[in-house]
Structures are given as C-alpha cells and as structure tokens.
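Peer 1: next one to model:
(chains A, B and C)
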Amino acid sequence: MKSFFHGNGALPVSVALVLAIGLTSLSLGAVHMSLGQVGAILGQPLGIRLPVSYEAGDAALLWTIRMPRVLCGVFVGAGLALGGAVLQGLFRNPLADPTLIGVSSGAALSSVSCLVVGDAFLRRVSPDWNLFAVPLASFAGGFLLVSLVWRLSRQEGCTQVSTMLLAGIALNSLCGAGIGILTFVANDAQLRNITFWSLGSLGGMTWSMVGILGIFTLVPALYLLRQARALNVLLLGEAEAGHLGIDVESLKRRIVLSAALIVGVAVSFVGIIGFVGLVAPHLVRLWLGPDYRRLLPCAALIGAALIGAADLVARLVVVPAELPIGVVTALLGAPFFLWILRRERGGL
Amino acid sequence: MKWMRWGGWLAALSFFPMIAVSAEKRERIVAIGGPVTEIVFALGRGSEVVAVDSSSVYPEAVTKLPQVGYQRSLSTEGVLSLRPTRIVASTEAGPPQVVAQLKASGIPYVEAPAQHSVEGARVKITVLAKALDREAEGRALCAELDRRMARVKALLGANLVRPKVLFVYARGAGTMNIAGADTAADAMIALAGGVNAVSGYDGYKPMTPEALAAAAPEVILIPNRGLESLGGVDGLFRQPGVSLTPAGRNRRIVALDDLLLLGFGPRLADAVEQLAGALHPALAERWVGEKTAGD
Amino acid sequence: MNHREENSLCLENATVAVGGKCLLEKVSCRLAAGEMLAVLGANGAGKSTLLKTLAGERIPNAGEVRLRGRPMGDWAPIELARQRAVLPQSSSLAFPFAVEEVVMMGRAPHVAGVESERDRKLAREAMRQADIAHLARRNYLTLSGGEQQRVHWARVLAQLAGTEGSRFLLLDEPVSSLDMTHQHRCLELARQLTRQGVGVLAVLHDLNLAAMYADRVLLLRAGKPSAEGTPESVFTPEKIEWTFDCRVRVERHPTRHCPLIVAL
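Peer 2: Here you go, the predicted structure:
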C-alpha cells in the first residue's frame, strides 16, 4: 500500500482527492444540498435519473454559481502550483514562488491603477467597467513586468537567473511603492476595493471565466508537462543542462512565458492568492521526490485540491458572508506547512 | 460530516421564516448599504427585511438579522441562500462579478445611487420608494426632509460666523485621515454651517501634526467609532499636534454616530440639525425652542 | 575534410575575452578520438575557459571550434550531447534526487519517451564503474563531496555509453575532491574510455597524475600555450618553471617509468 501510495498510485490518489473536494464543494455552501441531490442535478443533462428530488433553484445555483466557481478554483490552484514548481526549477531553489518574477506585483500594480485611476474614466464607458477592465489590466501588467524582469536579466544574449531574481525583487518593491502612492490618492471606496482585490476571491466566477482560465491554464500546463525531463536536467545547472543537449536559453524563455501566462491569468481573475504556488510543489516533493515527471501532474492536482479546500472554508465559516480566500490559504496553509517542515526536516 | 450537519442546520434556519410567512404576500428583502436599509425601514417595509450587510446598523431591529458581510465583498451564494424575493442595494455594493451574478439571478435588484448631497438623499428615497411600491411614503419623507433642511438654512442665516471644522476619520491611532473636498464629511460640514478646515485636495489624506497646525481647526468632528478606536476624547488629545490647534485648546470636539453623519439617508435632517447645533452653540437654545414649536 | 579532422575536437586560433581581459589568446589545440590530453597551468591560466570553449559553452570572440570538422554552431544541441560529455568541476544540484535518478539524467539525450531497459542497464553499468552501485537509492544530497563527484562521473559515463564511433569527454578537475584510490580509479577509467574511441581532455592540477595517464600534455600560461607534447617532452624543469613559476626536479617513476615531478 505504501509503495502504491508513493509510486504509480500517486496520480490516482491526487485525482481522487480533487474529485472528493470538488464534490464536497458542490454540495456544501450557504445553500445546502446533499451529495445525492448534487448527483441527481449533475446526472440530469446526461440522462441519468436518480431517485432524489431537488428544487429547480438549487439546480440553477449549482450550474451557474457553484460549478464555475469550483472549476475556476481547480484551474487557479493547478496553475499557481505549476507556476511555482517550474520557477523553483528555473531558479534551482525550492523556496522560489511565482511572485519572484514579478507576475503578481505587476498584476497588482495595474489592477490597483485600474481601480483608482480607471474608476474615474471607465465608469462613463460602462457601469460594469471593472468586470472586464480589472482582469485585463491585471493580466497585461503582470506580463509587462515579467518581460521587464526578463529584459533586465539579459547579458550578452544570455539570461542570468541570479540577475533575474534581483531584478524581480527590485521591481517588486518598485510596484509596492507604486501601489503605496495609489492607495494614498485613493478614496475610501477605492481603498476598500483594493483591499478586497488583494486578498483574492473566487466569488462571482462565470462559465466564460472558466473557459478563459481553462485555455490559459491548460495550454501552458500541457507544454510544461512535456518539458518535465528537461526541467529535471536543468536542476543540475544550466551549463550541465546545455551539455546534456538542452537548448537552455529557449527553455528558460518558455518556462518564464508559460509561468507568466498561467499565473497571470489566475491572478487577474481571482486576485492574489499566496502560498499555494510555494506549498503545493513543496508538499509533493516531500511526498514523491523532486522528479518533475511525477511532481508536475501531482503538484497541479494538489494545488487544485488546496484551493478547493481553502475556498470551501472561506465559504462556510461566516455563512452567509464569506472570507477572502487569500486569508484562508495563509491562515491554514502556513501552520500546516511549518508542521510538515518540522516533521520532514532533512528530507528536503 | 459535522460540516454537513452544520450546513443543513443553517439552511433550515434560513428556510424557516419563508414557510412561516408565505401565507401573506410579504417579500423577503435583502438590504445592502446602511442608508438603503434605513430607507427601507422608513418606508415601512422593515419587517420584510431578512438580511442586511455589515454597514447597516440602524434601526435597532437590523442588528438581529443575518449579515451577508461587508457591502463591497458580498457572496452570491450567501445572498441567494436567504431566498430573497428582492435585493435593494447601494451602488457601492460589490465585488462587481457578484453584483453581476445577483442581477442575472432573476431576483429583482434595485440600485440606489450613493451621493453625498441633499439631492442624493432625495434620489435614494425616491428610487427605493418607487421600487418598493411606497411612493406616497417616499414623497412624504422627501417633503419632510426639504422642510427641515429649509428651516436649518433659515436659522443659520447669512450673517453667520462659520467655524473651521476638521473631520478626522480614525481606525486606531496609526490610521487617522483627514477629509478633504468631495467627501461626505465635507458636504455635511457645509450643510451644518461650518467650513472645512482643509481644502486643496479631494478625498482623505493621512493626518500629520503639520497638516493639523496648517488647518488650525476651531472644531474637530469625529465619528463615534473613530473616537472609540482612539480611546475617547483624551486619546484624541494625545495625538501629536491636536492640543495645539484652537479646537484642542478649547476642547471643541464633536462626536456623532458614523452612519447618521455620513449616510446621507432618511436621517439626513437629524444629522444636520445635531451637527449645526454643536457647531453653533449660541443658536442652540433658539434652536431647541423653535424645533419643539415647529413639531 | 581530412581524416584527422573527421575524428577530432579542434580549437583553431581561438581568442576569448571578457570585459577587456583576454582569457585565451589565439590558442589552437586538437583532441583526437582515442587519446587522453591533460591540460595544466597555474590558477587563472585559462584552463577552464579552454574547456568551456571546447564544450561549446563559450563562444570564442575570434577563431573557431570544430567537432568532427563541423563548426560547433552547426550542431544541434542534442546531436552534440550524444557524442560529447562534460564533467563539471562542481555541481550545484540542490534537490533530493536519488543517485540512480541523477545518473539516469545522463541518458537524457538518447531517450525520447520513457527510458528503456537498455538505458537502465547502461546507467547501472556506469554506476558500477564509478563505484557507486551501492549508493543507487541514496539521496544525492546526503552524500559526501567525493561521492557526489563520482555520481556525476557515472552520469557522464552513462551519457557516452552505448554509442559507437568517436566521442569526446571533457573533465574539469575530475579528481579534485576524490581520495587517492578513487583518483587513480577514475583516471584509469578515463584511459579505458580512450580504448573505446573516446577522446578525453582532463584539466588537472597534479603533474604526476598527468604524467602517469595522459598521452599528451598541454601547458597554459596566461591564456597562451607554453608547451605541448608527450609528458616526456613537456615535463622538463625549464618548461614547468616557466609555466608555474616553481622550481622542480624531474625524476623517473620507479615502476611506470614516466616522469616524476618533485617540487624543490
């Protein structure tokens, strides 16, 4: 059993975990549905009839509100975990996380600009302006900052990973200052919006967001999964990877591009959710070892499960209100992570 | 398993009132935004409100209702779980995706604009009165508001000495902000016959001893909750620079209820009368006399 | 293209400069398949730069590197990796791979999908040769420096194994962290490889090890070759003194009959 759990069984175990958390999330919430009712509602369009009665309103709620929310959570969690895992490989540092290359702070700065400056102009264009403007600005900002970090780390046609790290840190604090200025000029209402955006939320997810998140997560994810062996070799060092036949510059560029896409789209829709990008790959590395061929798929699934569980807690503890999910991931994730670290120390 | 039982219990709780009242043709209203909730009650439909947001703290009855969280961070499912037949909300409600989902849910969604003026209060009342089928009551509320505002204006007169008032928004000693132009506080000070001690910027800026000295306010206006967060009047005086201002030397502090002062709702006239009385103590006596005579 | 070029890794008039400082100045050198060339010189003489340039890791500012007659840039990285392996001076692997997983990475240029049984066999054989078979399942990070160095030895052995024809192995101070037994064992292994058609270039510090194992020796001084040839012709007191600024006496090794250098 133990070897199954650590070997070929790891993937099915992770899939089962995501499914279990997904189904629980579909069933629990401010409006209660039994698992049987969830099954009946899900089976109905497939022509499966279960002898469980449910209200039409519940079915609508499940299809239009909970299902998109759960699916978005899966994509966001998987994306953050994958982004973290590959950047840890790029920086050859198990403590790296997606914020290092500036995706989150770039996204944060442009979202906050949008919430403060855009508030004045875009309100006239459309009353629902921030529905599309904030995600768009956020994505563009994240991407812009990553490309800036990338540009700054280029020397003689090569990308210096250490320079990249430092450029990332410098630009992160620059963005922090920018956000500081914007919060200074923001009015009370804008300030509140900024606070809630930066704590993250999976509330209000729709099917069109599921589609966008799905495409922007799955395409880079499939690419990254195919690069698992190259990522392993990269852990030996860039020169060594080059000697083993890897086109290192091109690989680095693609890793950064994929991670920026996958994390950028997640941040732009749900705001900043910390910790998952760091913790999910870490947990899986403790569980299965550092081999990216096993690490990447399981880390993606564990990331999805973590976000799912955190969102469930966020939705349930203060019903009918809800907590920002970023608060939950940090509040539950940090102590759990510390506990694992203490227990497994030396295993890293 | 425990969670599931708990969820069921909550759901049962929220279903219960619906079963109990479904015989009458009553609505289940979720009210979001302090002034919005006040207006619903003032229009006489308060008993149909089943839940409010955390900024709704008046009248007393709402404090016993379930809360759907802060108005800017609502949860679609949380609101829908209360099975509302109508949602009335301030335009400040959010986040936008959630508001979009609520509007799309098919439940009538009424938006009352949040504006910091007498006209704004009138619009709020009129919009909600129309939506809640209480247009006569709405007109009466507006007329009353106009009558009392006109009386305040007449009493304050034209030859009035307008004191310089500084509005402090505080959430603990570390976060103290001063209201500039284009804020609810600025509008209230003007209505009550004062003049904002600071000008030259819109919105709120952090309070510094220098800014205090430059503003030289004769009165400091602070909402009750802010004053509490500083540890009362003495706490406010301990803040650097406060005791050096004319207001500090004469200990002229006016503290009023947050929602009353900044809500621009149906109690706007109450708020203006109270604030004007505090800013112009000389008028206060005449004030009380006329007020009782008038009512 | 002549036969000599066809089977060698060549540096032609290569100059490498960084920030105005010349690391290599018009250096030419040729590593033929089946021979072992030792590169020696004082610290900063340009040994590692030479190795990196031959590995294709560093592109010379002037001059050219050719593998089997073709300029380095014309080879696809993966084609290069199938016939040329590099053992770095030290590795910065900071992730807890099992030893066998690290060795298996050497097979990366040869594997398209999942490793075959043949790949696993070659990796096991490489571990046996590097004397780390007993460590196969150990966590790489828990090994000593010398053991880690042998893991990378096994990795490059696995990379070159199972391929026919001329191949090249570049060793950057391969024995620096090894005990005496394993120093000799590793260089012995390198010699064995030359018999299978592998051209081995080793950057060494120990003149006596070079004298014992190398077919040819190249001495570098301040980015320029100061002597090149068989150990007997290169290891003379004058040439060593000119290269290292150190006075030596050259004796005869009692059993191997190669030069034996003793510092004075």
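
Peer 1: chain A contacts on the stretch 1-150 of chain C?
Peer 2: Contacts of the stretch 1-150 of chain C with chain A, taken as CB under 8 Å from any CB of the partner chain, map to C:52, C:55-57, C:77-82, C:84-86, C:88, C:91-98, C:101-102, C:105-106, C:108-109, C:111. Heads up, the C-betas are built off the backbone N, CA and C, glycines and all.

Peer 1: now the stretch 151-300 of chain A against chain B: closest residue?
Peer 2: A:G204 (2.5 Å; CB to the nearest CB).

Peer 1: please name the residues that touch that residue.
Peer 2: B:76, B:95-98, B:100-101 (CB atoms under 8 Å, 6 or more residues apart in numbering or on different chains).

Peer 1: of the residues of the stretch 1-150 of chain C next to chain A, which belong to helices?
Peer 2: Mapping the residues of the stretch 1-150 of chain C next to chain A onto helices (DSSP state H) picks out C:52, C:55, C:77-82, C:101-102, C:105.

Peer 1: select, from the residues you listed, the two members most distant in space.
Peer 2: C:K52 and C:E101 (26.3 Å; CB to CB).

Peer 1: circling back: mark which of the contacts of A:G204 are buried, thanks.
Peer 2: Buried members of the contacts of A:G204, scored by 16 or more other CB atoms under 10 Å in any protein chain shown, are B:76, B:95-98, B:101.

Peer 1: farthest pair within those residues?
Peer 2: The distance between the two most remote of these (CB to CB) is 11.7 Å, for B:T76 and B:P96.

Peer 1: strands of the stretch 1-150 of chain C, start to end?
Peer 2: C:8-18, C:21-32, C:36-41, C:62-67, C:70-71, C:84-87 (DSSP state E, counting those that start in this stretch).

Peer 1: any idea which of the ones you listed gets closest to A:L148?
Peer 2: strand C:8-18 (26.1 Å).

Peer 1: so what strands line up beside that closest one?
Peer 2: Next to strand C:8-18 in the sheet, as set by DSSP bridges, lie strand C:21-32 (antiparallel), strand C:62-67 (antiparallel).

Peer 1: so which of the ones you listed gets nearest A:L50?
Peer 2: Taking CB to CB, strand C:62-67 is the member of the strands paired with strand C:8-18 nearest to A:L50, at 67.8 Å.

Peer 1: on that earlier part again, okay, the residue of the stretch 151-300 of chain A closest to chain B: pLDDT?
Peer 2: Looking at A:G204, its pLDDT reads 84.

Peer 1: same deal with B:L155?
Peer 2: Per-residue confidence (pLDDT) for B:L155: 86.

Peer 1: again with the one 5 residues further on
Peer 2: According to the prediction, B:L160 has pLDDT 77.

Peer 1: so how far is A:V279 from the residue of the stretch 101-250 of chain C found nearest chain B?
Peer 2: Proximity of the stretch 101-250 of chain C to chain B (CB to the nearest CB) peaks at C:N139, 39.4 Å away. As for C:N139, its distance to A:V279 is 21 Å (criterion: CB to CB, to the nearest Å).

Peer 1: what about the two, which has more around it?
Peer 2: Neighbour count, other CB atoms under 10 Å in any protein chain shown: between C:N139 and A:V279, A:V279 has more, with 24 against 17.

Peer 1: pull stretch C:98-105 out as CSV, backbone CA atoms only.
Peer 2: What follows is stretch C:98-105, C-alpha atoms only, in CSV (Å, rounded to 0.1, in the frame of the first residue of the first chain):
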residue,chain,number,x,y,z
ALA,C,98,18.1,9.5,-5.7
VAL,C,99,21.6,8.7,-7.0
GLU,C,100,20.3,6.5,-9.8
GLU,C,101,18.0,9.3,-11.0
VAL,C,102,20.9,11.7,-11.3
VAL,C,103,22.9,9.0,-13.3
MET,C,104,19.8,8.4,-15.5
MET,C,105,19.8,12.1,-16.4
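
Peer 1: which residues touch it?
Peer 2: Contacts of stretch C:98-105 (CB under 8 Å, 6+ apart): A:232-233, A:236, A:244, A:289, A:291, C:93, C:115, C:119-120, C:123-124, C:126-127, C:132, C:135-140, C:143, C:151-152, C:154-155, C:158.

Peer 1: restricted to buried residues, select those residues in ChimeraX.
Peer 2: For the buried members of the contacts of stretch C:98-105, the matching ChimeraX selection, counting by 16+ other CB under 10 Å, is:
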select /A:232,233,236,244,289,291 /C:93,115,119,123,124,126,127,132,135,136,139,140,143,151,152,154,155,158
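
Peer 1: which non-adjacent residue is nearest the closest residue to chain C within the stretch 201-348 of chain A?
Peer 2: Chain C sits closest to A:G245 of the stretch 201-348 of chain A, with a gap of 2.9 Å, by CB to the nearest CB. Sequence neighbours aside, C:A81 is the residue nearest to A:G245 in space, at 2.9 Å (criterion: CB to CB, 6 or more residues apart in numbering or on different chains).

Peer 1: ok, now which ones touch that neighbour?
Peer 2: A:243-245, C:108-109, C:159.

Peer 1: among those, which pair sits farthest apart?
Peer 2: Using CB to CB, the two most remote members of those are A:H243 and C:A108, lying 10.1 Å apart.

Peer 1: comparing these two, which residue is more hemmed in?
Peer 2: A:H243 (28 against 23).

Peer 1: isn't that one up against C:E57?
Peer 2: Yes: the criterion here is CB atoms under 8 Å, and A:H243 meets it with C:E57 at 7.5 Å.

Peer 1: between those two, which contacts overlap?
Peer 2: With CB under 8 Å, 6+ apart as the test, A:H243 and C:E57 both reach C:V86.

Peer 1: contacting residues for the residue lying closest to B:L268 once chain neighbours are set aside?
Peer 2: Using CB to CB, 6+ apart and skipping the chain neighbours, the partner closest in space to B:L268 is B:A121 (4.7 Å). By CB under 8 Å, 6+ apart, the contact set of B:A121 is B:35, B:145, B:264-266, B:268.

Peer 1: for these, which one is nearest chain C?
Peer 2: For those, the nearest to chain C is B:P35 (58.4 Å; CB to the nearest CB).

Peer 1: what's the neighbour count on C:T142?
Peer 2: Each residue near C:T142 was counted by other CB under 10 Å, and the total is 12.
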